[in-house]
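# have a look; sequence and predicted model below, questions after that.
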Amino acid sequence: MDNLLFVMVVLTTFNCNGLHDQQKWHLAWKFLNATQADVLILQETHLQSGQEYAFRLYAQAYCCYFLHDTSQSAGVAVCVRWNNGMTIEAFQAISPHLAVLDVWYKGQLLCFLACYAPPHSKERTAFFQGLAKHIHIDATIVMGDLNTVHTQQDRLSQCTDSTTDIWNQFCHYFQLSEALGANFYTY
């Protein structure tokens, strides 16, 4: 990790809880413009194949990839701003809950793991256990909705489950830390 170059990239993640109607597309678009994100990860898009066309009309400044699923609580979108100096090396849809995006930026290869961890504990455990094989470079950023917490203080209900320990072990093993400081949940 000693060879990493510090680069400034604006990252945004947003759980949109469905992009089925024009009002939500418009709100997501306003959010995009307000943040001026270089990379945007949307979770819970709930879109089926072909339904993303209208969102693309709003997000013309972005190259967008969509992952679809038939379940009600799934779907991930990965959007990279055109003309921000990033060159997309590869995009891989691993599942409806995970995408891997490799981009070159200022001579540095960056890997983004765009996640929407399954809401059910058993599925989420398997998801976290499988996540490690997709970290293939030092400059990897895990972002999205992880559906877990580090500690009881991170959640109002103050309840944790088995995935809390698994996520904490994952972060420790890969030396992941919260990129923006405590309680921003981007690693």
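Done, it's in.

# could you use CA atoms for every contact and neighbour count after this?
OK.

# strands along the chain, start to end?
All strands of the chain, identified by DSSP state E, fall at 11-15, 39-43, 62-67, 76-81, 86-95, 98-105, 108-116, 140-145.

# where in the chain is pLDDT low?
Under the criterion of pLDDT under 70, the regions of the chain flagged as low confidence span 1-7, 54, 57-58, 70-73, 149-162, 174, 176-187.

# could you pick out the longest helix of this protein?
When the chain is parsed with DSSP state H, its longest helix is helix 22-35.

# so which elements touch that helix?
Packing partners of helix 22-35 (3 or more CA pairs under 8 Å, 6 or more residues apart in numbering; DSSP states H and E): helix 53-58.

# ok, now with 10 Å
strand 11-15, strand 39-43, helix 53-58 (3 or more CA pairs under 10 Å, 6 or more residues apart in numbering; DSSP states H and E).

# name the stretch among the strands of the chain that sits most buried.
When you average the neighbours per residue for each of the strands of the chain (mean count of other CA atoms under 10 Å), strand 39-43 leads with a mean of 26.

# run the chain-centre distance for that strand.
Distance, stretch centre to chain centre, for strand 39-43: 5 Å (CA atoms, centre = their mean, to the nearest Å).

# which strands and helices lie in contact with it?
In this structure, strand 39-43 makes packing contacts with strand 11-15, helix 22-35, strand 62-67, strand 76-81, strand 98-105, strand 108-116, strand 140-145, judged by 3+ CA pairs under 10 Å, 6+ apart.

# wait, which of the ones you listed is closest to Phe170?
When the helices and strands packed on strand 39-43 are ranked by distance to Phe170, counting by CA to CA, first place goes to strand 140-145 at 11.2 Å.

# fine by me, thanks again.
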